[in-house]
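1. Need coordinates for the following:
(chains A, B and C)
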Amino acid sequence: MNISDCKSVPGLNDIGYEMYRLITELYPICRSITGNGVRETLQVLKKHISIEVHNVPSGTQVFDWTVPREWNIRDAYVKNSRGERVIDFRKSNLHVLNYSVPINRRMSLAELRPHLFTLPNYPDWVPYRTSYYNENWGFCLSHNQFMELTDDEYEICIDSSLEPGFLTYGEYFLPGESGDEVLFSCHVCHPSLANDDLSGIALALFLAKHLSNVKRKYSYRFLFIPGTIGSITWLSLNERETSRIKHGLVLASLGAGDKFTYKKSRRGNAEIDQAVLNVLRHSASSYDILDFSPYGYDERQFCSPGFDLPVGCFMRTPNGSFPQYHTSADNLDFVQPSLLAESFAVSLAIVSLLDNNVIYANQNPKCEPQLGKRGLYRAMGGVEGGINELALLWILNLSDGTHSLLDIAERSGYAFDTIKRAADTLLDHRLLKPMLQ
Amino acid sequence: MNISDCKSVPGLNDIGYEMYRLITELYPICRSITGNGVRETLQVLKKHISIEVHNVPSGTQVFDWTVPREWNIRDAYVKNSRGERVIDFRKSNLHVLNYSVPINRRMSLAELRPHLFTLPNYPDWVPYRTSYYNENWGFCLSHNQFMELTDDEYEICIDSSLEPGFLTYGEYFLPGESGDEVLFSCHVCHPSLANDDLSGIALALFLAKHLSNVKRKYSYRFLFIPGTIGSITWLSLNERETSRIKHGLVLASLGAGDKFTYKKSRRGNAEIDQAVLNVLRHSASSYDILDFSPYGYDERQFCSPGFDLPVGCFMRTPNGSFPQYHTSADNLDFVQPSLLAESFAVSLAIVSLLDNNVIYANQNPKCEPQLGKRGLYRAMGGVEGGINELALLWILNLSDGTHSLLDIAERSGYAFDTIKRAADTLLDHRLLKPMLQ
Amino acid sequence: MNISDCKSVPGLNDIGYEMYRLITELYPICRSITGNGVRETLQVLKKHISIEVHNVPSGTQVFDWTVPREWNIRDAYVKNSRGERVIDFRKSNLHVLNYSVPINRRMSLAELRPHLFTLPNYPDWVPYRTSYYNENWGFCLSHNQFMELTDDEYEICIDSSLEPGFLTYGEYFLPGESGDEVLFSCHVCHPSLANDDLSGIALALFLAKHLSNVKRKYSYRFLFIPGTIGSITWLSLNERETSRIKHGLVLASLGAGDKFTYKKSRRGNAEIDQAVLNVLRHSASSYDILDFSPYGYDERQFCSPGFDLPVGCFMRTPNGSFPQYHTSADNLDFVQPSLLAESFAVSLAIVSLLDNNVIYANQNPKCEPQLGKRGLYRAMGGVEGGINELALLWILNLSDGTHSLLDIAERSGYAFDTIKRAADTLLDHRLLKPMLQ
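-> Next comes the predicted model:
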């Protein structure tokens, strides 16, 4: 199977449901930037592809940062004086401020209150909050739930541990014909949040699974890492290898929302940026294009000035832009199999474009070659899946050794696939030859 | 007479009528990409200017193409069983599929039907069709005429020949002060079609005639060639000389239509592209600018990647964009003397711009020279045909050795003529000196 | 006091009134391109700052020009036959055609009429007219006044002198840490016109006065020169020093009009052009940006091709664009202290931007530095005058040795001040280091 056949992947619809099932399986796990939740998550993924699991000891210096102590949690609750759990970690792992230090004592509501987090504007929803680098403890709850708390004495228990251990991440590498790499990265540090970023994890996994079965020009690297500290750790441990990364995408929040959002790499006009734009322009979906900014997901680290990798961020709903972001409303009802399937299809189209974006040299550069004697003149035009004669002429005219097929698609206004099919025909007739690159 | 006086050519109106008369004279001739029609056409043109006629033998290899056998036709008809010519070549040469092989036999309407071409959407018009490289025969007729054909036995006769001979084209060269050339090309392969491209032939001829009487900086080359195979043949035989071509225009379909259309060269920002835009912007007419595409007239060959010559295409109605295109409605009623005259005037303005587009060096580059002591300060402003003081200041400010007069016209917003007149005044006062180029 | 504190200059409001008072003091003086009026004006300015006064002898060759004879005037009038002064220089120095040669004789209205200048469209206003390089004499008066003149015999007296003397200009130089200079220029040749350009003189003076009391990176040079011949003379005498001018502004007509107008330098994208745009974009005022044209104030000379200095023109009302321009209506009622104060504040912001526009190198270019451990993460955001966390991230991301703080401000969309404050914080934490330039 050839990579360019990716858009006619059999059972695309089924893939959406498989992605959704994976999200359902991962949803209950309490993840954080370190700890058993990440390891458990990677174990689930390993049922699909042979991800390599890396454990980096706490205290490891990674550039300006230090790998933190490992956090694990078994239980947490707030009990009222009648012994009822009024806040209960067992109901949702979002109820605990992520990275809370252990605590077990009684206190008044007044004493407890500074440790409670709610969303007054969305009184039914539980917020997701973290305190990785300031030791703290706390509970998140719906504002309605908070309003019901009475002036009582409460038993507070967080049965967690914050101890030397490891930062864990997963890595999956698919070698291709070339050592040049395409990087995909998603974050595995969020607890029960479905869109952000179990959808990204699911997309990365199914992309990897699909690509493992096709002929690849590029090598492909997939990172399943905790946000920020994970990408910093990976970049620190793999600094020398980063020069192989020719294109990359951070995948995030791809299971909900009407339209796609692409945030450009810091370079702004890298091939990945042009490739995503071309695919989005020729897909039926509406989309937004954002310029790079140093705020968002792990593209912040990949695009830091010391690396400046051509890595963009492919999303539907950008971080912070949807009300469900970082709340209990980002749940299994929020993500949809059909949207996951569409995200998968568009991602594959991007990959296919990159993998097939060759620069050819026209072997008859002086005047047009005679297409008629080769049966290419007004022979196949207009036919569904056929060869577009104008696309042939554009490729012949621009294949002067400086224009890639993507450049030709952009200038002619045709979809990359149309250009690619026409180029294959010209190649068959020996009218093109790939440039040595 | 100086080339820059071209827009005040005496009797511009008369030239429109002379062009129209030439079109009338050439209209009845049955032209094709080879054969006597082209030779007869060139003989008519030779009454005006001493065009050199080239005959290239059939079978000559020209890049990827081969010069085809020569086609000639004497008569053709379809007779019904009563012996009446229901389709008659003598009424219009469009009635025969151009390059039809000889045939002479009887057949039923059913057998004849696949060889008949009509335009159901324009039932009064006869289409123009060719089959140069696939041996075939056929007749073109109006759809109304076709509907009247009854189930009869018909006598089919095409008295044509397709034999080794020559591809014929005309070339006219006007040497100038410089060996650098401006190329004009038009196609001489269409039978009775007035706008496409007898108008182009007429414009090329009268431009050549006019330029032969004026002082020229550039040399000028005019090609009267069959479309596609003609330009390929010329480029193949003159490959080395093409480096002298500094600017060029394909002239086509310039006798009908409200507005001008300019299709840019492949380079997109060549001097010819800027020059045509500047002239059109400052002419009263409305106009369209098209980006280069590898489909159209012979600019396809001149702009193939192995040549990439700075050749645009100057038209009124672009190919395929007007309903009369390639039909019997492109006749002597369709083209108009006044439009031909306007096309001539604008073409001359373009030529004048190119020929006068000098780079000057300001001889007093430090601060403004004192215009007042030379009588140039508020002396002539506002006068019709006078010198624009602001134009003087723009030229002095930008004549730093990198800006041509066209660059200055573009940046200042003035018409090239205004800038040219002001530059001539500064030159008279020795405030400018031409750069050695 | 640091230059970057300029916008919180104590008593900005008072400065507007002080500028207005200076304009009031200078308003009655009859200035011209030479003569005692300029010297008297510079004497008034010397009460504030120690301007150096230069006197260049008449006849000195300055590039293509010659320093003219010095013009002085004591009195001028037109008396009717009853001996009444119907036009009186003592009422307004605008009544005399500037640079009028001496005359003293009687004549009819018919003989006088060609020497009278009025504004029929503004019948109450007296025009301002000059005849520096064509010997002439004349009177300017309101059109209403003109209509009242009867057919009488008039006594004409202009008690002026046009004799070898000097062209006088003032120069004030403030050395900074660097020999690189910022140039400010205003014209001192206009008689009783308040906006054009006593406002420019007042702004230049108070800028100079303010900058003399602060720490400066750049050196600053202020020119108080007659228009055109003054800048030509200065450039001719200081040709070699011009290479030190890294940025410059001509200041003109800054005391009236709702919005600012900035006319770009000939280069169009010089740092001064970007700096002024950035400041205007982030000020509350509306503004217009004009491309360079070789017509206007002394930027014509500074931007002549032999110099091409990065000098723009900072105005409110551009020359010729307001009806009061060069008339008696450009008086002390036309300019306003509050507008002068605003012009001063914006000018200081421009100066501050230039003086602080450093290129830094991020000292932790690989991944983001950990802002949290330095107390910079969500610590001060949102606070008035506090540090914007996103601004920190933008600076860290773009400080790769090629982007100045202005570049970062432009790309991030933040005001320069926001970026500058954030950069200072990062500098304090040794996260940045200035590039050697």
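2. Buried residues, stretch A:141-150. List them.
-> Using 16 or more other Cβ atoms under 10 Å in any protein chain shown as the test for burial, stretch A:141-150 gives A:L141, A:S142, A:H143, A:Q145, A:F146, A:L149. For every residue, glycine as well, the C-beta is placed using N, CA and C.
3. Name the residues that touch that stretch?
-> For stretch A:141-150, the surrounding residues in contact (Cβ atoms under 8 Å, 6 or more residues apart in numbering or on different chains) are A:80, A:86-87, A:95, A:109, A:116-120, A:122-126, A:328.
4. Can you go through those and name the buried ones?
-> Judged by 16+ other Cβ under 10 Å, buried ones among the contacts of stretch A:141-150: A:80, A:86-87, A:95, A:109, A:116-119, A:122, A:125-126, A:328.
5. Pick the one among those residues closest to chain B.
-> A:Y122 (50.4 Å; Cβ to the nearest Cβ).
6. for that closest one, what are its contacts?
-> Contacts for A:Y122 (Cβ under 8 Å, 6+ apart) come out as A:H143, A:P323, A:T327, A:A329.
7. From A:P305, how far out is the first one?
-> Using Cβ to Cβ, to the nearest Å, we find A:H143 at a distance of 42 Å from A:P305.
8. rewinding a little: how about a markdown table for the contacts of A:Y122, with secondary structure and pLDDT added?
-> Formatted as a markdown table, these follow (DSSP: H, G, I helix; E, B strand; the rest coil; pLDDT from 0 to 100):
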| residue | secondary structure | pLDDT |
| --- | --- | --- |
| A:H143 | helix | 98 |
| A:P323 | coil | 94 |
| A:T327 | strand | 97 |
| A:A329 | coil | 98 |
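9. I'd like the mean pLDDT over stretch A:122-139, please.
-> Average pLDDT, stretch A:122-139: 96.
10. so how far does it reach from one end to the other?
-> Using Cα to Cα, to the nearest Å, the end-to-end distance of stretch A:122-139 comes to 17 Å.
11. hmm, back to that, which of the contacts of A:Y122 are buried?
-> In terms of neighbour count (16+ other Cβ under 10 Å), the buried residues within the contacts of A:Y122 are A:H143, A:T327, A:A329.
12. Now do the contacts for the residue of the stretch 301-437 of chain A found nearest chain C.
-> Closest residue of the stretch 301-437 of chain A to chain C, Cβ to the nearest Cβ: A:G306 (3.3 Å). A:G306 makes contacts with C:N362, C:N364, C:P365, C:K366, C:C367, as judged by Cβ under 8 Å, 6+ apart.
13. if you set the cut-off to 7 Å instead, what comes out?
-> Each residue near A:G306 by Cβ atoms under 7 Å, 6 or more residues apart in numbering or on different chains is listed here: C:P365, C:K366.
14. For it, give me the backbone phi and psi.
-> With angles defined as degrees, to the nearest 10, A:G306 sits at phi -70, psi -20.
15. Now A:S100: phi and psi?
-> Dihedral pair for A:S100: phi -60, psi 140, per degrees, to the nearest 10.
16. same thing with A:G268?
-> phi 80, psi -30.
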